[in-house]
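# Sequence first, predicted coordinates after that:
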Amino acid sequence: MNSVEKISKRPDRIKFTRRTLYLTDDTSLIRRQLADGENLTFNPDRSLMNNISTDEITPGWVCFYYDETLGHYVYVGMREEAVKKDEVKNGGFSVVVSGLSKGCGSSRETAPYAEKWAGIELVIAKTIEKIYGQNAQNIGLLTSTDFGLIERINRGEEIPLEEFTHGLDPISKAIVEYGGLFNYNKARLAGEIAPPALETKKRPMNLVEKIIARHAFVCAGEIGVEAVKPGDALFAVADVRFSHEYVTPMAESLFKQSLGKDAKVTQPESVFAFRDHLTFLGRVMPQKHREMGLLERADGLAVTQERFSNEQHIKHYGENPAGGSEAICHNAVVEDIALPGQIVIGTDSHTCMAGVLGCFAFGVGSTDMANAWFTKDIRIKVPETARFNLRGQKPSDVTAKDVMLFILATDYMKEGKGIGQVLEFAGEGLSNWSIDERATLTNMAVEAGGTTGIIEPDDVTLEYVTRMRGLDAETVREGFLRSDEDAEYAAVFEINLDEIRPMVATPGDPRNGINISELTEEVRIDTAYGGSCTGGKMADMDMYAAVLKSALEQGKRVAPGVHFYLQFGSQKIKQYARERGYIEIFERVGAELIDPSCGACINAGPGASKTAEQVTVSAQNRNFPGRSGPGKVYLASPYVVAASAIAGHIIAPAEFLRDMEAELVGA
């Protein structure tokens, strides 16, 4: 290949000839557009739907497909069942318009693919989430936050391509111009195009900037630059690349389509595959989905992943003979794989959990991973960082989950200012927190739309990694980096831990956090779920056990009518609970124990709701509509989940203990 002209590029001007679909807060207006064929005119005062998650664009069961079939099912998970199969595909739409935070939640690339295969060419939203936006660029789906385009499109104007590349970094701009990442990389690997050389001079840098600078790809055999700054565009070499069974088959398909059926993964020893998302799907899949043959398709994903892993000599974390998976990918990456100072990429939005070790860890889509399997690098636009200084000591009944729900509920996060940013957590308030508690902060950074969360490694990090891995301390310290004292931040917040009280996030969004005391009425629950990568760690087991042991001492068990699930994040965590006698406590109180898997968090295991009327209090990380079934999900700490399971309604730990003491005195 000798000329860029041989690689197809987009035309300089684009005309959108079909209809515009407005995703409005009033779902009856969506129905009128889809069912009745009504064409709405643009009205800037009309309320548009915010926080449309990838779970709503492509619900979990839709992701068992990874081809054009996705186009039949776009938006079928939308709230109030506003969209039905084939309505968008058959509706003749070119453009879709919505409000804030389009594409929040999971990193699943099936979401923009479904839109594209349904005929959508352009997504317009007030704000667009980072991973979703990058996935859209990668597959050639145009995006914009410019609402001024709508009337021009409706008038039949041809829109210059530069309208969709304005403000993008040079790499993203070129990817849009080439119609996607694979086309761009063909030109890049052929030497026909290259990212601009970085010209940033030595400057004070924060932790993430230092990691990126160390890993910046300069040219073959040369890695690392003196400095980077926010906005710099580059490719950086990844130390760890991992995927799970939901995504590996799609990435493999893209990998071989682009590079040939005999393509080989580069340095497979740094690549990992996990059978962890759909392990228990057969226990909860509705009959209507079984009749569609979806259980066989889901099981086929795992088979395809294991075959690919064996072919490519990739370490595969599979099912455990005693039940469940070996581990949820995020728990295993922290326990077994990642090291301070590394770049870690995974096909899951909660890859950011590994930031607890001082890694730059973030989620990517299938196309990014397929490219990274071959090139070993990943494109990065150096993100801005918001720093959160934690001061004081949190009260004994307050956890990292409460702190994170407090942060997510700030105006800064609700207004989308955290989108694409790194959340750096620091301050003396963190010094005595365990790795597990710190990991809750980094895990949930993506719920703010952030690229990742990160915490500087310290003695707690060193002790954890050497104990869990048996590594030499000096080897681990090699990756220890610190933010410069005069490093620049997009924003700095002081968080007084003494002032935080137990929180819940009300149904619909993790950013809906309020103090439990602000609940205006008693919230009766049907289900209490303690698990997921966020709520199934060793420290979480400590918290469940502390509450449940007190309950047993008072003769209490799980409240009548409540189903209480406890799920371990890995087999190591299950063994930890067994050694400390927790499993006996859990079973005596009436909890159902579940082996490791993502499970209910993605509506693929016990604990997911069955009806819209069911109410769940959960220690998982997100509660977008349809995420864990059709019911209502409140997010809370392990203390609150355990206490609520016994009380039968959402309750703060201190209030729960007071109630038990009062009953004891009364008796």
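Yep, it's here.
# List phi and psi for G535.
Dihedral pair for G535: phi -110, psi 20, per degrees, to the nearest 10.
# Identify the residues contacting it.
With contact taken as Cβ atoms under 8 Å, 6 or more residues apart in numbering, G535 is in contact with K401, Y529, S618, A619, Q620, N621, P638, V641. C-beta: built from backbone N, CA, C; applies to glycine.
# Closest to D542 out of those?
Nearest to D542 among the contacts of G535: P638, at 8.3 Å, using Cβ to Cβ.
# For N623, see how far away the residue lying closest to that closest one once chain neighbours are set aside is.
In space, P638 comes closest to M543 once its chain neighbours are excluded; the distance is 3.8 Å by Cβ to Cβ, 6 or more residues apart in numbering. Distance check for M543 against N623: by Cβ to Cβ, to the nearest Å, it reads 19 Å.
# Domain map for the chain?
For the chain, the domain assignment from automatic domain parsing gives the residue ranges 17-155, 207-380, 383-456+482-499, 504-666.
# And the longest one, end to end?
One end of domain 207-380 to the other measures 15 Å (Cα to Cα, to the nearest Å).
# Tell me if F425 really is in a strand.
Yes - read with DSSP: H, G, I helix; E, B strand; the rest coil, F425 is one of the residues of a strand.
# Quick check: bridge partners of it?
F388, I455 (DSSP bridges).
# burial of it, as a residue count?
Other residues lying near F425 total 26 when counted by other Cβ atoms under 10 Å.
# For the closest residue to L207 other than its chain neighbours, which residues are in contact?
Leaving aside its sequence neighbours, L207 sits nearest to S483 (Cβ to Cβ, 6+ apart; 4.7 Å). S483 is in contact with M205, N206, L207, K210, R387, E424, A426, E456, counting by Cβ under 8 Å, 6+ apart.
# For the top helix by length along the chain, list the C-alpha coordinates in CSV.
In the chain, ranked by residue count with DSSP state H as the criterion, the top helix is helix 294-312. C-alpha atoms of helix 294-312 as CSV (Å, rounded to 0.1, in the frame of the first residue of the first chain):
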residue,chain,number,x,y,z
LEU,A,294,-30.2,-16.6,23.5
LEU,A,295,-28.9,-19.0,26.2
GLU,A,296,-27.2,-21.0,23.5
ARG,A,297,-25.8,-17.8,22.0
ALA,A,298,-24.5,-16.6,25.4
ASP,A,299,-22.9,-20.0,26.1
GLY,A,300,-21.3,-19.8,22.7
LEU,A,301,-19.6,-16.5,23.6
ALA,A,302,-17.7,-18.4,26.4
VAL,A,303,-16.8,-21.2,24.1
THR,A,304,-15.5,-18.8,21.4
GLN,A,305,-13.5,-16.9,24.0
GLU,A,306,-11.9,-20.1,25.4
ARG,A,307,-11.0,-21.3,21.9
PHE,A,308,-9.5,-17.9,21.0
SER,A,309,-7.5,-17.9,24.3
ASN,A,310,-6.1,-21.3,23.6
GLU,A,311,-5.2,-20.4,20.0
GLN,A,312,-3.4,-17.2,21.0
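# roughly how far is that helix from the heart of the chain?
Counting by Cα atoms, centre = their mean, to the nearest Å, helix 294-312 is centred 22 Å from the centre of its parent chain.
# C-terminal to that helix, what's the next element?
Using DSSP states H and E, the helix or strand that follows helix 294-312 in sequence is strand 315-317.
# Could you list the residues in contact with that following strand?
In this structure, residues lying in contact with strand 315-317 by Cβ under 8 Å, 6+ apart are 269, 271-276, 305-306, 309-310, 325-327, 329, 332.
# I'd like to know which of those residues is nearest to A187.
Out of these, the member with the shortest distance to A187 (by Cβ to Cβ) is V271, at 25.0 Å.
# wouldn't that closest one be in contact with W373 here?
Yes - taking contacts as Cβ atoms under 8 Å, V271 lies within contact range of W373: 6.7 Å.
# These two: who's more crowded?
The neighbour comparison of V271 against W373 (other Cβ under 10 Å) goes to W373, with 25 against 22.
# name the element the residue nearest to P638 belongs to?
Going by DSSP H and E, M543 is in helix 538-553.
# ok, so what distance separates G605 from T410?
For G605 relative to T410 (Cβ to Cβ), the value is 32 Å.
# Among these two, which residue is more densely surrounded?
G605 (28 against 17).
# what about the helices in the stretch 501-650 of the chain?
Assigned by DSSP state H, counting those that start in this stretch, the stretch 501-650 of the chain shows helices spanning 532-535, 538-553, 571-579, 582-589, 638-647.
# Can you show me the strands along the stretch 401-550 of the chain?
In the stretch 401-550 of the chain, the strands defined using DSSP state E, counting those that start in this stretch lie at 422-426, 452-455, 491-496, 503-505, 513-515, 527-530.
# er, the stretch 1-150 of the chain I mean
With DSSP E, counting those that start in this stretch, the ranges of strands along the stretch 1-150 of the chain come out as 13-15, 19-22, 93-98, 122-125, 142-144.
# and of the ones you listed, who's closest to F493?
Of all those, the one in closest proximity to F493, counting by Cβ to Cβ, is strand 122-125 (26.2 Å).
# what about the helices in the stretch 351-500 of the chain?
Going by DSSP H, counting those that start in this stretch, the stretch 351-500 of the chain shows helices at 366-375, 400-408, 411-414, 435-443, 459-469, 473-477.
# The ones you listed into JSON lines, with extra columns for mean pLDDT?
Output for those, formatted as JSON lines (pLDDT from 0 to 100):
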{"stretch": "helix 366-375", "mean pLDDT": "94"}
{"stretch": "helix 400-408", "mean pLDDT": "98"}
{"stretch": "helix 411-414", "mean pLDDT": "95"}
{"stretch": "helix 435-443", "mean pLDDT": "98"}
{"stretch": "helix 459-469", "mean pLDDT": "97"}
{"stretch": "helix 473-477", "mean pLDDT": "95"}
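# Now distance to A654 too, for the ones you listed, in TSV please.
Below are the helices of the stretch 351-500 of the chain laid out as TSV (distance: least, Cβ to Cβ, whole Å):
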stretch	distance to A654
helix 366-375	45
helix 400-408	12
helix 411-414	27
helix 435-443	19
helix 459-469	27
helix 473-477	38
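# Indicate which one of the ones you listed is closest to I150.
helix 411-414 (24.8 Å).
# Could you list the residues in contact with the closest one?
Under Cβ under 8 Å, 6+ apart, the answer for helix 411-414 is A386, I407, G418, A448, G449, A491, F493, R511.
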